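K.L.:
sequence isn't available, so here's the structure alone:
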């Protein structure tokens, strides 16, 4: 198993390094070190407004969600298995031709990513905190406990995601039931306070019982054991659910492409590509994945908003426009999904350029997936009983999401996942997303103070975003003209 | 005007030189075979000539079109069968050919798609998604896609490799008819016995450089067959 793990770790590193280069990729954890160091040395000011315990709660929730986003091996592995005859293949599919079990490689993926992503983010962040000790005088034991507890929450998130996504390979109903159960559990803790959050995150509970918060070692150990047992149970369950042989369900298709291509005939350069993308979206089930990929960050966002407003008693107006801004910025996930439907190497054999294909994906986003953005804004407004600002929130969500998607397309082309690990691209992405995000978020908070002035401010930001979107759209041609499909 | 003209083609991947200044001229109506050991640079050469890769240096014209300046025009003129048979997973066999036809702006698409589905006996797989097709069937589909616009030049990278003997024979006959009617074939392959029967001219490439070029008879020389000549040329014969 160790050799397999070593092999899979090498593979993961090479996959990431292929796109941004080894040096650039290795710079990513260094950036995290610097970032964590900077946060640590300014933590005095931050903690003046947010109590340490609350900051720790947010940290645990963040790493839990990070773990969840990493651990969906049921979806990921299935995707690899179905693509095994494409131009890229992965160690995880080797049981198809070698005397080894699929369960082994799936477990390998879990251990690999636990190591890889801890090495990429949690460990460098901890290193940043340690480096700050001469300035901050944080105790090394506290930093060690912080890392250990956060690691537990990360593992829990990964394991839960691993289990639920693997269940999907076996039973759609079972998947639905498990998603509903987890959502209910979080709603019970976050929205209804029926149970404490630490019941769901034993790592957090253990953290609260150790220095600098308290010294109750025996109870802390109990929570640690509970966390590890839950992880073992979920991982064991997930591994047991991995089938011995994966046989993708063979599907027979109705001929939809010609009808759809005719419908888009008015776009001579993009119509056929657009039709193909839409057919792909539907048949690959990506539309459903896109919808659910919004749920986790929005749950987190709602919980954070609730926590700041009611937990910290900070009188910030989280209105529908604020959520619209956030939903708009999550548009980047939708573009990423569009790039993950299928390998596109075959496009190199037809007279289509990479910029043309990127633009077709942007059109697909506009035509097919922007309704997800609008749907979420309307849904959140309705749930919060705050529909009075929908007239402003919907254009805010649409323009920010179109800007985000165009900007992401400009920066990352057809390989969003990989390029966002390139520090140079990530830095540009961060600046280009954070600036308008901050402007719109701050403006949304002042809506109730001076409506007319704030709306004017928002409209100016939206106009700038629309203008930038146009410039980026034009720039896609020059930036990606020389690139090739499948490399 | 030659079908393909290349001068000083060089391709570097970091410190590795995949192609080292290749000169090549292929006349229209030729069946040209490019042979070489694994990693010799055959696929790189084919990808550069079809506009899929930009050379580090050198120039090439395909049917009079500069492959560096106008890669899309090259792709619109020629047919390409890549090394790996990878049609889009979520389109059916019919839809893939329809898609290719639409991208190439072809008329009478239904008839063309029907013709090529029939040619490769793909009617039963017409509505099957590409991800569920066998390797050989996917290969047939890629071949059909390469010929659907009736190009005057096709680039084939190991076209026979996944096909059963029946379809190898059928493809061979088709390629012979195609060349007889004025078409040009550029084929990269390891299957020397098939190539010996089909090719007019061949080139042997090793370590990114052409080490021999000429008619099949010229390359064969005093050897009993092309395979023996190839082994001698690449220095693999004991």
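P.N.:
That came through, no problem. Note that the coordinates shown come from a computational prediction; the quantities given were computed from them, not determined experimentally.
K.L.:
quick check, central residue of chain B?
P.N.:
Central residue of chain B (Cα atoms, centre = their mean): residue B:156, 1.5 Å from the mean position.
K.L.:
quick one, phi psi at it?
P.N.:
Main-chain dihedrals, residue B:156, degrees, to the nearest 10: phi -120, psi 120.
K.L.:
isn't it right up against residue B:184?
P.N.:
No - Residue B:156 sits out of contact with residue B:184 when judged by Cβ atoms under 8 Å, with a separation of 11.2 Å. Any C-beta I mention is one placed from the backbone N, CA and C, and that applies to glycine too.
K.L.:
tell me which helix or strand comes right after the strand or helix carrying residue A:402.
P.N.:
Per DSSP states H and E: residue A:402 is located in helix A:390-412. For helix A:390-412, the succeeding helix or strand toward the C-terminus, using DSSP H and E, is helix A:416-419.
K.L.:
what's the burial count for residue A:149?
P.N.:
Neighbour count of residue A:149, defined by other Cβ atoms under 10 Å in any protein chain shown: 28.
K.L.:
which residues touch the nearest residue to it once chain neighbours are set aside?
P.N.:
In this structure, residue A:149 finds its nearest non-sequential neighbour in residue A:207, 3.7 Å apart by Cβ to Cβ, 6 or more residues apart in numbering or on different chains. By Cβ atoms under 8 Å, 6 or more residues apart in numbering or on different chains, residue A:207 lies in contact with A:56, A:60, A:145-146, A:149, A:213.
K.L.:
which SS state does residue B:7 fall under?
P.N.:
Classification of residue B:7 using DSSP: H, G, I helix; E, B strand; the rest coil returns strand.
K.L.:
what is it paired to in the beta sheet?
P.N.:
Here residue B:7 sits in beta bridges with residue B:59, going by DSSP bridges.
K.L.:
is it true that it touches residue B:60?
P.N.:
Yes - with contact defined as Cβ under 8 Å, residue B:7 counts as touching residue B:60 (7.3 Å).
K.L.:
and these two? Which one has more around it.
P.N.:
For residue B:7 versus residue B:60, the count of surrounding residues by other Cβ under 10 Å is larger for residue B:60: 23 against 14.
K.L.:
how close does the closest residue to that one other than its chain neighbours sit to residue B:13?
P.N.:
Using Cβ to Cβ, 6+ apart and skipping the chain neighbours, the partner closest in space to residue B:60 is residue B:6 (4.1 Å). Counting by Cβ to Cβ, to the nearest Å, the gap from residue B:6 to residue B:13 is 19 Å.
K.L.:
which of those two has more residues huddled nearby?
P.N.:
The neighbour count for residue B:6 versus residue B:13, taken as other Cβ under 10 Å, is higher for residue B:6 (24 against 9).
K.L.:
can you check the distance spanned by stretch A:133-141, start to finish?
P.N.:
For stretch A:133-141, the first-to-last residue distance is 11 Å (Cα to Cα, to the nearest Å).
K.L.:
now it: buried residues?
P.N.:
Neighbour counts using 16 or more other Cβ atoms under 10 Å in any protein chain shown place A:136, A:138 of stretch A:133-141 among the buried residues.
K.L.:
rounded mean pLDDT for that stretch, please.
P.N.:
Model confidence over stretch A:133-141, given as mean pLDDT, is 93.
K.L.:
who's in contact with it?
P.N.:
Outside stretch A:133-141, the residues within contact range by Cβ under 8 Å, 6+ apart are A:40-41, A:43-44, A:129-130, A:132, A:143, A:211-212.
K.L.:
check contacts around residue 60.
P.N.:
As the question left the chain open, I've gone with chain A. Residues in contact with residue A:60 (Cβ under 8 Å, 6+ apart) are A:149-150, A:153, A:201, A:203-204, A:207.
K.L.:
you answered for a different chain; I wanted chain B.
P.N.:
Contact analysis of residue B:60 by Cβ under 8 Å, 6+ apart lists B:4-7, B:9, B:48-49, B:66-68.
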